[in-house]
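>>> Let's see this in three dimensions:
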Amino acid sequence: MTDLTTIAFDIETTGFETDDELTVVGFDSAVSSRVFLNTDGTTPPAALAARLNDTLETPVQLSLHDSEQELLNELATFITSTLTQRDAKLVAYNGERWNGGFDLPFLRTRLCMHGLEWPFGTLPYVDVMDVFETRFNTSEDTLSGVYEELIGTGLNELDPFTDSSEAVTAWEEGAYEPLIIHNVADIQRTRALMELAEQYCSKSDFSMKSLDPIA
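As a prediction, the model looks like this:
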């Protein structure tokens, strides 16, 4: 499993209901982050990408999309042309677990609503939350809490938000810079925790599944 490159993944949304939408989708590798932003037809600051790359220690490739439909189209192209062509595993924190999760179920619904195919193909998937619940002694269960207990405050200090609800407000107000920094902090924390778990846990401790649909 350690032979597969870890690609951490996280989404931001307008809420949790069926008709809520994606606002940000982010992926992180050891080299850089790839972020998709739904601007909902608004015009973000011209220097947004430059400011992000001045603030963050690792490069961020940012693309802007006028609608959720456009974001999902570009997301599907990126996944099928880039991610599924690599020896990589997709990793999330509470992205999809045997008893729930958020990111992948939300994505399925939104792709279905737009009549788009599931793009993840044969990518293997690991939910890192399961490992830390069962193989580490922690008092926290949130991504930022577990990260701080076991790794430190570094990426938590980068994150401008203390609660996920702030991401909704930021998008509604067009405050895209802190919103994207929050997403990048999440995907980088997720990747850091996965790398930590691989240092201390055996392969059998990880539940890896294929994201390839039956039909």
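>>> helices or strands next to whichever strand in the chain runs longest in the packing?
The longest strand of the chain (DSSP state E) is strand 5-13. Taking 3 or more CB pairs under 8 Å, 6 or more residues apart in numbering; DSSP states H and E as contact, the helices and strands that strand 5-13 lies on are strand 22-28, strand 88-92, helix 103-113, helix 165-172, helix 176-200. All C-beta spots, glycine's among them, are computed from the backbone N, C-alpha and C.
>>> please redo it, this time with the cut-off set to 7 Å
Other helices and strands packing on strand 5-13, by 3 or more CB pairs under 7 Å, 6 or more residues apart in numbering; DSSP states H and E, are strand 22-28, strand 88-92, helix 103-113, helix 176-200.
>>> what angle sits between the shortest one and helix 176-200?
Between strand 88-92 and helix 176-200, the angle comes out at 110 degrees (axes from the mean of the first three to the mean of the last three CA atoms, to 10 degrees).
>>> what pairs with strand 88-92, and is each one parallel or antiparallel?
Paired strands of strand 88-92, with direction, are strand 5-13 (parallel), strand 124-127 (parallel) (DSSP bridges).
>>> Equivalent analysis for the first one, please.
Sheet pairing of strand 22-28 (DSSP bridges) gives strand 5-13 (antiparallel), strand 33-38 (antiparallel).
>>> quick one: it to helix 165-172, angle?
Comparing the axes of strand 22-28 and helix 165-172 via the same axes, to 10 degrees yields an angle of 110 degrees.
>>> what angle do strand 22-28 and helix 103-113 make?
Using the same axes, to 10 degrees: strand 22-28 against helix 103-113 is 130 degrees.
>>> cool, and the shortest one?
Angle of strand 88-92 versus helix 103-113, following the same axes, to 10 degrees, is 100 degrees.
>>> what pLDDT, on average, does strand 88-92 get?
Along strand 88-92, the predicted confidence averages to a pLDDT of 96.
>>> again, but for the third one
Over the span of helix 103-113, the pLDDT mean works out to 97.
>>> I'd say residue 158 and residue 186 touch.
No. Taking contact to mean CB atoms under 7 Å, the distance of 10.2 Å between residue 158 and residue 186 leaves them out of contact.
>>> So for those two, which sits in the more crowded spot?
Neighbours per residue (other CB atoms under 10 Å) separate residue 158 from residue 186, with residue 186 holding more: 28 against 16.
>>> Quick check: the gap between the more buried one and residue 123.
When CB to CB, to the nearest Å is the yardstick, residue 186 and residue 123 sit 19 Å from each other.
>>> ranking the helices and strands packed on strand 5-13 by burial, who's on top?
Counting by mean count of other CB atoms under 10 Å, strand 22-28 has the highest mean neighbour count of those, with a mean of 25.
>>> Export only the CA atoms of it, formatted as PDB.
Extracted in PDB, the C-alpha atoms of strand 22-28 (Å, rounded to 0.1, in the frame of the first residue of the first chain):
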ATOM      1  CA  LEU A  22     -20.100  22.000  -4.000                       C
ATOM      2  CA  THR A  23     -18.100  25.200  -3.500                       C
ATOM      3  CA  VAL A  24     -14.500  23.800  -3.300                       C
ATOM      4  CA  VAL A  25     -12.900  20.500  -4.100                       C
ATOM      5  CA  GLY A  26      -9.200  20.000  -3.200                       C
ATOM      6  CA  PHE A  27      -6.600  17.300  -3.800                       C
ATOM      7  CA  ASP A  28      -3.100  17.200  -2.200                       C
END
